[in-house]
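A.B. asks: My questions concern the predicted model and sequence given below.
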Amino acid sequence: MSAIADTLPRPLPLWLRAVLSHAILAILLVIYPLIVPDFWAFQIGGQSLFLGVISLSLMFLGGYGGMVSLAQMTVAGVAGYLIAIVGGNSLNFGLMWPWWAAVPVAIAGGTMAATLIGAISARTTGIYTIMITIAIAMAFFYLAQQNYTLFNGHSGFASILPPQVFGIDWRAPIPFYFMSLAVAVLSYAIVLYLSRSTFGIALQGIRDNARRMRALGFNVTAHRIAAYAIAGFIASLGGILLAWFNSRISPGTVDTGPIFEVLIIAVLGGMRHPVGPFLGAVIFVLLGTFAIDFIDRERFNTLIGACFLAIVLFSPDGVLGLWGRFMALIDRAGAANNMLQRPIGDEDGIQPAAIGRLIPGRK
Amino acid sequence: MRHKLLGGALPLAVAAGLLFAGSARAEDTLKIGVLATFEGPFAILGEDSLRGANMAFKEHNMMAGGKKLEIITGSSDASPESAIKAARKLVEQDKVDILIGPLSGDEGLAMRDYAKTQPQMTFINGTSAAEPTTLVDPAPNFFRFTTDGVQWMAGLGTYAYETKGYKKVVTIGEDYSYPYTQVKGFMIEFCKAGGHVVDKFWTPLGTKDYSSIVASIPEDIDAIYVALGGADAINFLTQYEQAGGTKPLIGGSITVDQSVLSAKGKRRDYLLGTPSAGPLADNWDNPKWKAFVAAYKQSDAKAFNSPTLFSHGYYIEATAMMQALDAVNGDLSDGHKKFRDALATQTVDTPTGPVHLDHNRNAIGDEFLTEIAAGEDGNLYNKVIKVIPQVNQTLGVSEEEYIKTGQPSREAPACP
Amino acid sequence: MKLFVLTFLNGLTLAGLYFLVASGFTLVFGLMRNVNLAHGSLYLLGAYIGFEVGDYTGSWFLAVVGGFLSAAVFGVLLQILVFRRMEGQELRQTMVTIGISIVAADLMLAIWTGQTYQFEPPDWLYGGTPLPFVKVYPTIRIMVLVVSVAVGVALWLFLTRTRIGMMIRAGVDDRGMLSASGVNVQRVFATTFAVGAGLAGFAGVVGGSALSIAPGEDTRYLLASLIVVIVGGMGSVPGAAIGALVIGLAEQFGLAYSPTYSVVYTFVIMVAVLAIRPQGIMGRA
């Protein structure tokens, strides 16, 4: 028995495993668009990536800050509207600035909107945050729908196109995919870095016990508003890609449906690790695109709602949590074979599913 | 690591299955995409439009130009974004040869823009009826065999002014592009005849309680032109009646159609005599129309009392497509050139009269001036007053002159 | 002047409807701290089932009863099958109700299609009643106002004069203490949920008679309830009444005097209240 165990490869150290798995993931993500048809690169790949980015902003707020904001699509929408108004559209309305001026304006505007939303809702927690952010999101929806001087009302703007830079048409499927991938990697890195920074640790402390953190001298409200601003920056990046992807923006982009979709994606994937929202987005996009081929076409919402319900009821950590549990099971089985006991599910920082709580917060 | 790769294999296999599912194709088959709203509040209309398209396909035994037709449906929720996503899937993943759709106005505008990026494909409208889709910057491969929201109003303004004797009216509509279009269609004739539209009330989408709008309607008018649809129309009409309103009404094309007339609840007798106009009329005395209605009622147990605008529209578009395919023997090998020529030059004999296209590929067809009447079975229906033959997109005036009236909006046109 | 009085009346009657929906929402929250984002679905479901009952029996009053009872039953089921299983996990409860409302909306669309439904109230309710200043006013709207005031008074009596009402109030103040003093808390919870959900279904039939019922009304009344209770103060029934008045009046005056932005005003009011008094007008800090 021991002779066999010696011939088996020894488990790799954790850091090496993390580096290796990220490297394999990176290679897969880079090769993917080159081997699939354009539709898969653009509509499945690109869309999953930027929806993942927008949901990642919610994961950052909810997972680390304990603030589930339903206004993240609204922030993305603000950035999308700004890129249309500042950067040009089919109506020739607005400023028609070049992309290198329009993009920063859109990001800054989205971030400012997010900061404002944060300032309004930072004094609330938990369910209050959900309700207030829904209301803010709907206020923006109605404003955009009714205003023609700035938002062009119900029709919104069309022909919002990414620029041609370095002689590349960034709307073409593969360039768009890589642009989305770059934004996704950047956002992922920001969130991962922040989660381990002093700020991120303080934020998680506030999530777990705001009163204690206040007693320790932390400015709880300021931390929360800062978190909204950072999440707003990320959502704005996603929002610009969203507007470029659809090549249009209208109040429908920030209506109740899309607002809840961001939450569904984040919860579906899992709110404990920044990779969760991307996983959720892939599942969501695949379901949304192909459900019509497999089930009665009108019942897509039942399907996606049922998936969401099942995840919330049975795997509060989302698909990521399921994965963690699955890995834990296999590891345990493997451990029984080669007599090596490993910490369960402690890979890439993915925690084993904590039963009972979706987001660590109040008990 | 080993487990990771193992676990990754399953989703990959599924994805690969999806990837290549769309690519198999037989030589003698044509793939036709039908895009309509099967989700959201318009789902019932989307179902009816598919009913219409399927009637046409069945009439042709699922064959056109000697080739078998394979129908693939795509679903939107009436937002332009979802329509384009569904269209992209049909075109780029399912590889359809021809796409029929979409259903609503803003979707149509988005489809025009999408059509320009897919020059190898031919797009045929569903029932979307926004005016600029074909009038402003049209796509060379987008064809519309149904008339638009302005054309639908042909004859109504003149009738309201001259026959009904209404001189001053107010209009009420939801605050978005489709009601703007309808109000424009009504006002072009009504203003030209000498009438005045003293005020326009635009209610935000989602308004359900119209009581304060009803209270704001001035006393010194002759009639109210209503361009609301579905639940909005029902709410407004009931509230106006309950508030003691007595002014006669004039209806937009979807304000008094079957989806409102056959809604559940009290019979809406106060609507009797309300004039309206549109591309079809429930009781038109024409053998082809009657056969169409009979076939429609038989097609599906869930069908309405009479075909709606949507089943009618998709039926016409699908028929037009198959007629052109027959003319070129299903030959699309020259990048659809012959097929498009056939589409552009043919005349389609529809249940509501002949239709052909203008140089922008927009339909020229008959419109119906109607009034609401009660049938023997107690149901309300639209009775034909007059058929306005061969209405074109600019209502008879030259295109340059027509474009000067401006795109329909909250303000334009105006004759206070 | 006539327009002003009419608009005021319209705002008042709309507030009545909003109060009916929001009172159930706030009652449930006050006691159990759970935000039921499927409250709008209960409104719509009660209305649809009420319509079926009314259609079958030909009686509008039975439709009202049907709407109340069906929603109450679903409410109790929600409490037993969902909320009881995840007590104290507010966020998870909220997520579950979001999921339920998405599925429910789609299933209701499948069953009752996208058609518009309007109840047939008795003839004496249809039509207008002569009133000073405005000549006639729709009788059904007067009825909505009367019913909502009656429900408000009944709720107040129920909460202050009955044994179970006292338990509910005790539960709002200190749930642990109530449980420790030997009261079957679960029964109190179920009762509250039944009343709260039933009120939503009841409001569905009333709203479907004064206005109409169609897909999307669930979200509309959910949003209205949210704003009303945020403005009025979460968990307070008098707060719901005040919130409903503010929102109802704002909406109607907006519609009469500047229709373009009428919907935006209600949200502006909400944000303003939150900025000054985050817990709402009658809410406890």
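C.D. replies: Good, I have the coordinates. Numbers count the residues shown, from 1 in each chain, chains lettered A, B, ... in the order given.

A.B. asks: Could you use CA atoms for every contact and neighbour count after this?
C.D. replies: Fine.

A.B. asks: For residue B:144, list the residues it contacts.
C.D. replies: Counting by CA atoms under 8 Å, 6 or more residues apart in numbering or on different chains, residue B:144 touches B:124-126, B:134, B:317, B:357, B:361-363.

A.B. asks: Ok, residue B:182 next?
C.D. replies: So residue B:182 contacts B:149-150, B:152-153, B:227, B:252-253 (CA under 8 Å, 6+ apart).

A.B. asks: ok, 6 Å please
C.D. replies: By CA atoms under 6 Å, 6 or more residues apart in numbering or on different chains, residue B:182 lies in contact with B:149-150.

A.B. asks: So stretch B:231-247, near chain C or not?
C.D. replies: Yes - counting by CA under 6 Å from any CA of the partner chain, chain C is contacted by stretch B:231-247 at B:231, B:235, B:242-243.

A.B. asks: Determine the number of other residues adjacent to residue A:31.
C.D. replies: Neighbours of residue A:31 under the rule other CA atoms under 10 Å in any protein chain shown: 11.

A.B. asks: What does the pLDDT read for it?
C.D. replies: Per-residue confidence (pLDDT) for residue A:31: 82.

A.B. asks: try residue C:3
C.D. replies: 85.

A.B. asks: So the residue lying closest to it once chain neighbours are set aside: helix, strand or coil?
C.D. replies: In this structure, residue C:3 finds its nearest non-sequential neighbour in residue B:215, 6.1 Å apart by CA to CA, 6 or more residues apart in numbering or on different chains. Here residue B:215 is helix, with the state taken from DSSP: H, G, I helix; E, B strand; the rest coil.

A.B. asks: element containing residue A:305?
C.D. replies: Using DSSP states H and E, residue A:305 sits within helix A:300-314.

A.B. asks: In terms of secondary structure, what does that helix contact?
C.D. replies: Here helix A:300-314 touches helix C:90-112, going by 3 or more CA pairs under 6 Å, 6 or more residues apart in numbering or on different chains; DSSP states H and E.

A.B. asks: The helix it packs on vs helix A:300-314, what angle?
C.D. replies: Interaxial angle, helix C:90-112 versus helix A:300-314 (axes from the mean of the first three to the mean of the last three CA atoms, to 10 degrees): 150 degrees.

A.B. asks: Would you tell me whether helix C:90-112 gets close to chain A?
C.D. replies: Yes - applying CA under 6 Å from any CA, one finds helix C:90-112 in contact with chain A at C:92, C:96, C:99, C:102-103, C:106.

A.B. asks: Just the C-alphas of that helix, formatted as CSV.
C.D. replies: The C-alpha coordinates for helix C:90-112 follow below in CSV (Å, rounded to 0.1, in the frame of the first residue of the first chain):
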residue,chain,number,x,y,z
GLU,C,90,-33.5,37.9,5.9
LEU,C,91,-31.5,38.1,2.7
ARG,C,92,-32.0,34.5,1.8
GLN,C,93,-35.8,34.9,2.4
THR,C,94,-35.8,38.0,0.2
MET,C,95,-34.0,36.1,-2.6
VAL,C,96,-36.4,33.2,-2.4
THR,C,97,-39.3,35.5,-2.7
ILE,C,98,-37.7,37.2,-5.7
GLY,C,99,-37.4,33.7,-7.3
ILE,C,100,-41.0,32.8,-6.4
SER,C,101,-42.3,36.1,-7.9
ILE,C,102,-40.4,35.4,-11.2
VAL,C,103,-41.7,31.9,-11.5
ALA,C,104,-45.2,32.9,-10.3
ALA,C,105,-45.5,35.8,-12.9
ASP,C,106,-44.5,33.4,-15.7
LEU,C,107,-46.9,30.7,-14.6
MET,C,108,-49.8,33.1,-14.2
LEU,C,109,-49.0,34.4,-17.7
ALA,C,110,-49.2,30.8,-18.9
ILE,C,111,-52.6,30.2,-17.2
TRP,C,112,-54.4,33.5,-17.7
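
A.B. asks: and the residue of the stretch 151-300 of chain A nearest chain C?
C.D. replies: Distance from chain C to each residue of the stretch 151-300 of chain A (CA to the nearest CA) is smallest for residue A:299, at 6.8 Å.

A.B. asks: which non-adjacent residue is nearest that residue?
C.D. replies: Per CA to CA, 6+ apart, closest to residue A:299 is residue C:106, 6.8 Å.

A.B. asks: The one you found: neighbouring residues, count only.
C.D. replies: 23.

A.B. asks: Need the residues of stretch B:231-247 next to chain C in a markdown table (columns: neighbour count, pLDDT and distance to residue C:272).
C.D. replies: Putting the residues of stretch B:231-247 next to chain C into a markdown table (neighbours: other CA atoms under 10 Å in any protein chain shown; pLDDT from 0 to 100; distance: CA to CA, whole Å) gives the following:
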| residue | neighbour count | pLDDT | distance to residue C:272 |
| --- | --- | --- | --- |
| B:231 | 25 | 81 | 32 |
| B:235 | 24 | 87 | 31 |
| B:242 | 22 | 83 | 36 |
| B:243 | 21 | 83 | 34 |
